[in-house]
Every structure is written in C-alpha cells, then in structure tokens.
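In: My questions concern the predicted model and sequence given below.
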Amino acid sequence: MKPSSSSTMRRISLVPVTLFWTVQVLVSLSRGNAALLPEEENVLEILQQRFNAPSWTGDACEADVSWIRCSNDSRHVSSLQLGSLNTSGSIPPEVAQLRNLEVLFMFSNKLTGPIPDLRNITGLTNLDLKENSLSGPILNTTAFTNITRIVLYENILTGGIPEDLFKHRRLKILYLGNNPLGGSLPDMSELTSMTEFSLPNISINGTIPESIQNMTQATLINLYDNPELKGQIPNLSALVNLQYLDFHNCSLTGPLQDLKAAPNLVSLILPLNDLGGTIPPSLFDNHPDLKYLELNNNSKISGEIPDTGGLTMVENFFLNDCNLTGPVPPLQKNLNLRYVGLQNNHLTSCPTDLRNLTELIIFDVSNNSITGTLPEVYPGNKINFLTFRRNNFHGGIPMTWTNLTSVLEFKVEYNNLSGVLQPETGNVGSLKVLLLNNNRFSGPIPKDLGRLNKLEILDLSHNQFTGQVPEELAALPNLRKVLLHSNKLDAIPEALIELQNRGLNLTYDPGLQVIRKKASAVSGGIIAGIAVGVAALIGGLLVLAFVVVRTRRKRRYGQLFKDSISTSIQAFSHKEIKRITDKYKIVLGRGGYGTVYYGKLPDGKEVAVKVRETASQQGAAEFLTEVRLLSKLHHRNLVPLVGYSLEGGQQTLVYEYMAQGTLHSHLYRRGGKALNGSKHQGLSWRTRLHIAVNAAKGLEYLHKDCNPPVIHRDVKASNILLTETLQAKISDLGLSKQLPEPKEEESTATGISTAVKGTFGYLDPEYFVRHRLTIKSDVFSFGVVLLELITGRRPGNQDFPDADQDTTLIEWVQASVCKMDVESVVDPAIGSAYKRDVMLEVVNTALSCVLPDSGARPDMSSVQLVLTEALQVENAEALRVENESTPAERTFQTLPLSGPLSFAHFQPSLSSPESAITTLAPR
C-alpha cells in the first residue's frame, strides 16, 4: 500500500528532530567521559592553596566553585577569578601552564613581586591584576593576539609602557593608572578598537602622540596627574564617540578645542594646565549632555564666557582662576547647576536673579570686579555656600538669603554693601560662617543673631555698626571667632569678653563700655530663707540615709540601687557568670580594667563579659551607680549593656558581643582573625568614613542628648567595636584605663585616687594644666582616632617620613597639610579610591579636633555633620561612577571626576592666619 503524503511528511519531519537529540546525547556522553588534564588540575590545586580559595572534590570542571570555569569540552580551564581574597605573596608561575585560559582575574589582593611570563596563554582575552603591589615591568603581551581588556592599575609597576602593548588592534579597555611607570606614550595608531583608555598618574613625560586620533571608538580617555606631560593637545576631532576626557594636572599648552565632533560629551576635565586662548562658543553650543565642565586654573584662558544656554544638563561649572573678563552669563537655562566656581577672574557683572537654579549648592564669584547688587536665590534647602567676597557689590543682603535652610557660609566681605543687617538673618539656623567685614553696614547688630546656634565665625569688623553688642551672642555654643573692631559700637557685654578665657578669638575697639552681668533680683531675705530650707532638707536626707544604710547593711551589695537600674538590664549571680563564660574559657582581651571573656546566654545570645581586676574595683555603691548610668544610655552606636554582677568578690559587666572586634585590630592587625574565624578586613576609605560617622554619632549622643552630658574619657581605636557588618559602636564607658598622676595627687586625705581615666596619645593636653576632662577632651581623642583612620598609623612618636624622631602623629599630619601634601599622610592601604577634596576636608576636621586650645575645637555635632556629608559625597561619587561607567569597569578609576565639596567647615591649613576662612576650588 502506498503511504499517504501526510504520513510521509510526518516521517520526514521527525528525521531532523531525532538527529538533533542523537547528537546531543553523543556530545553529553563525550563530555561525561572527558576529564580535566592532570597538569591543569595540579595548577588549580596550587592556586587553591595559595589563594585559600574554595576547594572541590572530583572533577574541578564539574565542581560548584565559582572561581573556576572550563571550556566546553571540560578538558581545559578557561577562566580563573581569584579577586578580593586578601592573598599575599607572588603570583604562582604555574598559572602559565593553563594554556587555554581566556580570563585571568587576581585583582584586589596583596600580591607582590613581578608578573610572571604568561606568553604561553595565547588565547588570553581578559587580564585583571589591579589593586595589588606587583612590581617590575609590564608583562610581555605580544602573544595575546585576542586580548580585549588589560587592567593593571594600583600597583607599583615600572619600566615604561612597552610598545607591544599598543599593538593590539582588538584591545578595547586599558587601565594602567597609579603605577610609577615613567617613560613616554608609544604610538597609538593600532589602538583602533579602544573604548576606555585610562593612564593617570603614571609619571610619563613627553607629549601626547598625534595618533591618539586613531582611537575613534574611545568613550573615555584619562591622562590626568601626569605633570611632565607637555605640549599641545592633538586634534581630537576624529573622536566622535568621546564622552569622558580628563587631562587635569598636566602641563599641556595651546588653545581649547571645541570638540563639536563629539556630541555625546559628558565630562571635560582640563584644570591645572597651561592652556590658553578663548573658550570656543561651539564648546557650549554642541554638547547638551555635558554635566562636568572644569577648565579652571588655566591662567592663560581669557576673553568672555560664552553663552551657556546650550549646556542644559551641566552640574559642575568651574572656570575659576583663569583670566576671564566680561559678565557672568544669565544661567537661566542651566537648571541642573549644582557647583559654580568663577572666582579669581576679572568678571564685571553677575546675574541678579538665580532663583531658577533650584539644585544650586555652591556659588562662588569671589575676587573679581563685579558691580551691582547681590543676586536673589531660590529659598530651597540645598545651597551650602554663597561666596561673593572681594568685589564691588552694593546694596544689602537679599531677603531670599534669610529663608535658606541649609546654608553654611555667607561670605560677602570686602565689597561696598550697606544698609542695616536684617533681624531675619537670625532665621538661617544652619549658618556656621558669616563674614560681612569691610563693607558699609550700619545700624545696630541684631539680637536675632543669638539664634544662630551653629555659628562658629562672625566677622563684622570694618563697618559702621552702632549701639551695643548683643549679649545673646555670648550664649552661642559653637563660637570660635568674633571680630567686631573698626565700627562705631559703644558697649560690649562682659559675658562675651569672658569667653576669651575659653578660647574665643574676640576683637573689639578699645574704650567700649563693658556691660556687667545682670545681678539677681532675689532679695537677701528670700535667699536666707531658701538657704535655711535647703540646710534643713539636707539634714533630713542625711538622717534618712543613715537609717536606710543601717537597716540594709547586712544585705548583699548586689541589691543596692537595683530598683533604679533599667529593667532591661539583668543582674547575674556569680554562678551564672561562670556558666555563661564556660568557666572563663575564652579570653577576648585584657586591659587596665581587667579581663574580657567570651560568653553565651542561655538563649544563645553572644556576650562579652568584663571582669574587673581587684585593683580597679570601685566601691559597690559606686559600681552600681555606674551600672545605673550605663543602663540608661541607649543609642545604636553605643555597645549595649546586657547585665552586671556584683557577687563572688567581682565587679562584672556583660555587654553585647561585637563579632568583628576592635577598630584597632582592623587597622593594625590586618590578616588576623576574629573569634568567628573571619579575617580582620582591610578597610576601604568609605568604610573608614562610615566607622567615623558611627563613632561620632555615639559621642554626639553622649554629649548632646544626655542630661547632664556624659564624658567618655577614653575614646580610642580599641574602644570602638565593630559588628558583623562593620557598624561601629563605642565601648568602655566608665571603664577606661587609669593614668598615673603626679605623686602629690595620687591620693587624698580620704584615700580616693584622683587619677584620671584616659590613654596616652589620646589624652587632651589641657588636662595636664587644668587637671580635668571635658566633652572637648573626648573631641580631642576622637580627632586622634580620625587621624588613625586616615593614616593607618598609631598615635605617639614614630618614625614618620621626613620628620624628626620625636615627631608625633598630629605634628606629622599638620606639617604635611601645611605643605598641601595630603596624599603623603593617607594610609597606602586606602590606595587612591578617594576624592582629594573630601580627604583634605576630613584631615582638616581631625586637626581641628586636636587643637591645643579646647575652646577652639568643634563639638561632636559639627564633626558628625562634616563626616556625614563627606561620606555622602563619597557615596554619591561611587554611585555616579557605578551608573555612568561601562559594565567592564566599576571603579573610581573609571571616572575620577571631582568638584568642590558641599561642605567646608574647618580650616584648610593651619599655617595661614586666615585659616578658618575656607576657599573652595574644584581641585
């Protein structure tokens, strides 16, 4: 019977399906029978041991380990991903035996020594060894015919850039930054596939080759921080895909290019060069996506600023320290502007209305020749700094300025401003610096300035103010400097003058009448009556106390004041303490107070049990008073007290256990292990800032939110503990190590020691004069901790670079900052993953904290604000880089863009007499 056409079609259609599954089964069987070559498995075992990477059983290619990937036939290793494993030592040369390797990642470790010869790995496409300490020359890459990505930045490679590295036509991504390579740039003619070309800070000299224009696919080119790179910037008109160009801090000359062939330009960073000529109007007209424009510190750039209407997305606009003339453009269409720096030019006029700039944070046109009135601003909550100093502005301060809610600095000194200072100025509660000096203001100083509780610096000198200085100024808690001289004032309150004894820098004209403090209006009879009543009350209380003590003297000390201790705090028996600590089995640490043991409560909660040595013990009543205080302190950045015990002749405190140990361990015992087996981590700059913010918030709570304020007395790195997620909490309130005192103060008639609690290197120097500690003593100690976080060095005398043998940490950092050499004090473990402006601000904040005069130090609220904003800036930068960089490279190295900070509370240099007055610049 002849088959029907339909059945024939069904059989025909089944043939390819059957064939497909047959092939799949055969391939699967062939793979199952294949095994990784023995020599490659041996190499994997060597690497697993060296990097302490996850191990496997059976066939490595079939194992579930993320760091190994194999080729399709499962006989060869194709990818090794061994990044961020904290591994030290050299790269095992055996890795070159993996001839079929395509991807080799060993980034962010502690690898040293030279890069081994990898020429046997001819199929390598992706090599990433960044953030190590590898030395020697860049490896020979001639054999890598398919290489597309090479990332070697943050090492100590030398020997120049080999010419063969620039011969790879398929190479798309090259990152060599922060290596002392030296030499010059080779010819770039064959880098035709290059998309990301980043070679900052590699000590190169010579010029940029004209052949850079062959990189027509490039979206990012970074050559910044190479000050020996000279000559003109070659013609870049062929770089039609360019988005990010950064040549700052070189020695480049010649005119600016308009780059109109690159319409997608996002960032143009050219400060600190020797560029000249005028700004091409087409540079502003043809780049609607341009966000970051920095041409500052090129003193030969002249002419007028072109119309900015085409820069609709611009956020950072820095043309300061050039030689520009004419008016500041209207800025009406630049609605996204955040940072405007036009200072130190020869500009002649400024827009009178900036209320359309709702995102504005900083506006600085100081040191120009601008006439007219001060501009109106948007009364929102984002502006931090308004700086119009050293111009020819006239009129008064606009009322819109008094509605700002987050402004930190008004600087309008050295102008021709006049009129009265409006009382509404007292509405600006965020204001820290108010500089109105060298103008023609008149009338009385408003009492409302006494509402500026955050004010630190007030300069009203060289004006025509009249009347009495308001007594309300004396109540401002953060004042450090008040300059009132060269006015027409006639009186000053005694309370303000007395603040000089607490560190206030106060100037006023001689001959002013001193207004004495107001005497109490309470009559002598009333005072006498109150005194008699108080005496009677005290007598009654003493009798009552005697009766109570006598009736309870046979009771255990553990019951004293128990009712006043928070119910959340548990009283443990001596037997319970022994059971919790498993008979004091595991010691976490020892100190002047005694020993700390690891423990577990019956519910499984981990605790740290601090048992005081007999010599450190107080009386029982004092101990329980301390417990009562500790039980009332509740803040997320204080180590919580769980319980206490006063039995068995021991004074014991039980705290929550902090899994990551002390900050001291992470800074100085890197590679050590916590009790849970996790290694002490190397701390990134953002993590260090986060820890500093946490600790500052804890101290701020003690100083500001507790009534009366609580003085910690022993702030140091070993008293800042870290949770599993590296949240910082302050510990050892009231348990600090005692310092030896001069012999005449070691005891009193009652036998009670007057020795203060504290630790050498962290102790406020004023203590040795006044023999008492204050909340500003905690600020000093915190400043030392902040310097430790920045430098990775212990306090006290050390062998500091370029310093005398007896130089302290504070002195070393101060000397470096005075030379504007902040980079030399930064812990090498941080690398360069930080914004220099942020780092300088944090360093200056730390130095403000450790000023010898306690009255000149900031309070912890101010410090916490600076650090929080610093962390926000760093986090925002990291997020911006993450969002704007390509998936191939998610690091600070990709977009090292920098603008001015949105904060500047403390002096940038201790060497200048005007050091308390900051000057903002983008770099």
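Out: Received, thanks.
In: which regions of the stretch 301-450 of the chain sit below the pLDDT cut-off?
Out: For the stretch 301-450 of the chain, the stretches flagged by pLDDT under 70 are 381.
In: need the strands for the stretch 301-450 of the chain, in chain order.
Out: Using DSSP state E, counting those that start in this stretch, the strands of the stretch 301-450 of the chain run over 316-318, 323-327, 339-341, 346-349, 353-354, 362-364, 371-373, 376-377, 385-387, 392-395, 409-411, 416-420, 433-435, 440-444.
In: With mean neighbour count and distance to residue 644 as added columns, please give the ones you listed in TSV.
Out: Yep, even glycine has a C-beta here, placed from its N, CA and C like the rest. Listed next are the strands of the stretch 301-450 of the chain as TSV, based on neighbours: other Cβ atoms under 10 Å; distance: least, Cβ to Cβ, whole Å:
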stretch	mean neighbour count	distance to residue 644
strand 316-318	26	55
strand 323-327	16	68
strand 339-341	25	53
strand 346-349	17	67
strand 353-354	20	59
strand 362-364	24	51
strand 371-373	15	66
strand 376-377	18	55
strand 385-387	24	49
strand 392-395	16	63
strand 409-411	24	48
strand 416-420	16	60
strand 433-435	22	46
strand 440-444	16	57
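In: which one of those strands lies closest to residue 46?
Out: Distance to residue 46, taken as Cβ to Cβ, is lowest for strand 316-318 among the strands of the stretch 301-450 of the chain, at 48.9 Å.
In: Okay, now the sheet partners of the closest one, with direction.
Out: Here strand 316-318 is paired, per DSSP bridges, with strand 292-294 (parallel), strand 339-341 (parallel).
In: nearest to residue 636, of those?
Out: Using Cβ to Cβ, the nearest of the strands paired with strand 316-318 to residue 636 is strand 339-341, at 32.8 Å.
In: From the chain's centroid, how far away is that closest one?
Out: Relative to the mean C-alpha coordinate of its chain, strand 339-341 is positioned 22 Å out (Cα atoms, centre = their mean, to the nearest Å).
In: Stretch 784-796 now?
Out: Stretch 784-796 sits 14 Å away from the centroid of its parent chain (Cα atoms, centre = their mean).
In: Of all the residues in that stretch, which ones are buried?
Out: 784-795 (16 or more other Cβ atoms under 10 Å).
In: Would you reformat the strands paired with strand 316-318 as JSON lines and include distance to residue 254?
Out: Formatted as JSON lines, those follow (distance: least, Cβ to Cβ, whole Å):
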{"stretch": "strand 292-294", "distance to residue 254": "18"}
{"stretch": "strand 339-341", "distance to residue 254": "23"}
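In: among the helices and strands of the chain, which has the poorest mean pLDDT?
Out: Scoring the helices and strands of the chain by mean pLDDT, DSSP states H and E places helix 5-33 at the bottom, with a mean of 40.
In: just checking, next helix/strand downstream of that helix?
Out: Using DSSP states H and E, the helix or strand that follows helix 5-33 in sequence is helix 38-51.
In: That next one: how far from the chain's middle?
Out: Mean-position distance between helix 38-51 and its chain equals 39 Å (Cα atoms, centre = their mean).
In: I would like the residues contacting that helix, please.
Out: By Cβ atoms under 8 Å, 6 or more residues apart in numbering, the residues outside helix 38-51 that reach it are 36, 53-55, 60, 67-68, 76-77, 80, 82, 85, 87, 89, 92, 94-95, 97-98, 106, 109.
In: Just the buried positions in that helix, please.
Out: Neighbour-count burial for helix 38-51, counted by 16+ other Cβ under 10 Å, picks out 40-41, 43-44, 47-48, 50-51.
In: wait, residue 233 sits on residue 207?
Out: No: counting by Cβ atoms under 8 Å, residue 233 sits too far from residue 207 to count as a contact (9.5 Å).
In: returning to that earlier point: okay, the strands of the stretch 301-450 of the chain in CSV with distance to residue 509 next?
Out: Output for these, formatted as CSV (distance: least, Cβ to Cβ, whole Å):
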stretch, distance to residue 509
strand 316-318, 40
strand 323-327, 39
strand 339-341, 36
strand 346-349, 35
strand 353-354, 36
strand 362-364, 31
strand 371-373, 30
strand 376-377, 34
strand 385-387, 27
strand 392-395, 25
strand 409-411, 23
strand 416-420, 20
strand 433-435, 19
strand 440-444, 16
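In: Among those, which comes closest to residue 300?
Out: Closest approach to residue 300 among the strands of the stretch 301-450 of the chain (Cβ to Cβ): strand 323-327, 6.6 Å.
In: same for the closest one, what does it pack against?
Out: Helices and strands touching strand 323-327, as assessed by 3 or more Cβ pairs under 8 Å, 6 or more residues apart in numbering; DSSP states H and E, comprise strand 300-304, strand 346-349.
In: picking that back up, buried subset of the contacts of helix 38-51?
Out: Among those, those scoring as buried are 36, 53, 60, 67-68, 76-77, 80, 82, 85, 87, 94-95, 97-98, 106, 109 (criterion: 16+ other Cβ under 10 Å).
In: Test of understanding: give the bridge partners of the nearest residue to residue 322 once chain neighbours are set aside.
Out: In this structure, residue 322 finds its nearest non-sequential neighbour in residue 301, 4.2 Å apart by Cβ to Cβ, 6 or more residues apart in numbering. Beta-bridge partners recorded for residue 301 (DSSP bridges): residue 277.
In: Report pLDDT for residue 575.
Out: Looking at residue 575, its pLDDT is 90.
In: what's the answer for the one 10 residues further on, then?
Out: Listed pLDDT for residue 585 reads 90.
In: what residues are up against it?
Out: 597-598.
In: and residue 158, what does it touch?
Out: 135-137, 179-182.
In: among the buried ones among the contacts of helix 38-51, which are in strands?
Out: Applying DSSP state E to the buried ones among the contacts of helix 38-51, the entries found in strands are 68, 77, 80.
In: give me the beta-bridge partners of the second one?
Out: By that I understand residue 77. Here residue 77 sits in beta bridges with residue 70, going by DSSP bridges.
In: Burial check on residue 130, number of neighbours?
Out: Per other Cβ atoms under 10 Å, the neighbour tally for residue 130 reads 26.
In: which residues does it contact?
Out: Contacts for residue 130 (Cβ under 8 Å, 6+ apart) come out as 107-108, 151-155, 175, 891, 893.
In: Now it, what are its backbone angles?
Out: Note on residue 130: backbone dihedrals following degrees, to the nearest 10 are phi -60, psi 160.
In: any idea how far it is from residue 380?
Out: 41 Å (Cβ to Cβ, to the nearest Å).
In: and the closest residue to residue 430 other than its chain neighbours, how many neighbours does it have?
Out: In space, and not counting its chain neighbours, residue 430 is closest to residue 406: 5.1 Å by Cβ to Cβ, 6+ apart. The tally of other residues near residue 406 (other Cβ under 10 Å) stands at 15.
In: Next one: residue 406 from residue 812, what distance?
Out: Distance of residue 406 to residue 812, given as Cβ to Cβ: 35 Å.
In: Check whether residue 449 really touches residue 425, as I assumed.
Out: Yes: using Cβ under 8 Å, residue 449 makes contact with residue 425 at a distance of 6.6 Å.
In: Mutual contacts of the two, please.
Out: Contacts common to residue 449 and residue 425, judged by Cβ under 8 Å, 6+ apart, are residue 434.
In: Helices along the stretch 351-500 of the chain, start to end?
Out: 494-498 (DSSP state H, counting those that start in this stretch).
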